[in-house]
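1. Curious how this folds, go ahead:
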Amino acid sequence: MTTPPLVQELKGLLPAPLVAEALETFKDMLRARGADAEDDVDALVDALRTSDRAALGEVYDAMRETDVFRRIVTCEPLRQAAQAMTGAARLHSPFQHAVFRMDLAGEPWRGFDWHQDYPYNMLCDRSVTAWTPLTPSGAANGGVDVVETAEARLYPVEVRLKRDAAGRSLGTRDAFIARDFHPEFEAQSRKPELQPGDVLMFHNTAPHRSGYNPGPRHRYSIQVRFGDLLAPEVIARGWRNRRADGFEAFAALRPDLIASEERP
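-> Okay, here's the model as predicted:
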């Protein structure tokens, strides 16, 4: 049996009307919260960012609670692709690890450096992330960089506090791959050009980064994770996965991979 690749680009996988509905729902929420601008998602976001940044955060958080978000992360083409790539008979997909991302142009402190998803999600040895844009994503607005390694492997991580533009701690943490490996990733990475409905699906050990967006357009995306519900290593630890506020499960399993750790 051929082992699936660690990175796949699946063009037009998601139904176009479903993706369009998600973007229109987001725009309706922005208007409902007070955005007064032309019918362009960036203009609406910028209007609310200028007038009431906290309200923009409310829309961002609530997008995950919409019906259309749930339909995207559970749609059949996505599930089938995940089953094919993981080889799972029963999929494991904790809803806490399905996220809506809004990467605004010109906010460098939001850059999400080189990392692997395994320390974040702790699903199973072969889980995958499905990364899908709601608007075009690529070189023009930062996109996502991914490295297609020859084989699956885990790298040491530096656990660091998230910080705002002024350098103040936000209380939660990231687990970025140790800096010694970054030059290697820079030399090997590629930046896929993705359109709404495309899906970049990658193994939980694939090094990747996204976040800093040089503009001019903002970037909006949805990510969902899938693993094997019946994988022996998952059953053995009682289906525990990474909590929203720390990396304790990963550190307990692989203390040798904690290169450094910053605590609140």
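2. Show me the strands in this protein, by range?
-> 7-10, 91-92, 99-103, 112-115, 128-133, 144-146, 157-163, 169-177, 199-203, 208-210, 219-228, 258-261 (DSSP state E).
3. hey, least reliable of those strands by pLDDT?
-> Note on those: strand 169-177 shows the lowest mean pLDDT, a mean of 82.
4. and the angle from it to strand 157-163?
-> 150 degrees (axes from the mean of the first three to the mean of the last three C-alpha atoms, to 10 degrees).
5. Give me the most central residue, this protein.
-> Q223 (4.6 Å; C-alpha atoms, centre = their mean).
6. contacts for the lengthiest helix in the chain?
-> If you go by DSSP state H, the chain has its longest helix at helix 16-32. Applying C-beta atoms under 8 Å, 6 or more residues apart in numbering, the external contacts of helix 16-32 come out as 39, 41, 44-45, 47-48, 56, 59, 62-63, 66, 68-69, 71-72, 75, 132, 134-135, 196-197, 220, 222. The way it works is simple: take the backbone N, C-alpha and C, and place the C-beta from them, glycine included.
7. Filter those residues down to the buried ones.
-> 41, 44-45, 47-48, 56, 59, 63, 66, 68-69, 72, 75, 132, 134-135, 196-197, 220, 222 (16 or more other C-beta atoms under 10 Å).
8. ok, back up a step: want to try TSV for the strands of the chain, with distance to G34 as columns?
-> TSV is the format used below for the strands of the chain (distance: least, C-beta to C-beta, whole Å):
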stretch	distance to G34
strand 7-10	37
strand 91-92	39
strand 99-103	17
strand 112-115	28
strand 128-133	26
strand 144-146	31
strand 157-163	27
strand 169-177	25
strand 199-203	33
strand 208-210	28
strand 219-228	19
strand 258-261	41
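9. pLDDT of the longest helix of the chain, averaged?
-> Mean per-residue pLDDT for helix 16-32: 97.
10. quick one: buried residues of that helix?
-> For helix 16-32, a neighbour-count test (16+ other C-beta under 10 Å) marks V19, E21, A22, T25, F26, K27, M29, L30 as buried.
11. Report the two of those separated the most.
-> The two members of those with the most space between them (C-beta to C-beta) are V19 and L30, at 17.3 Å.
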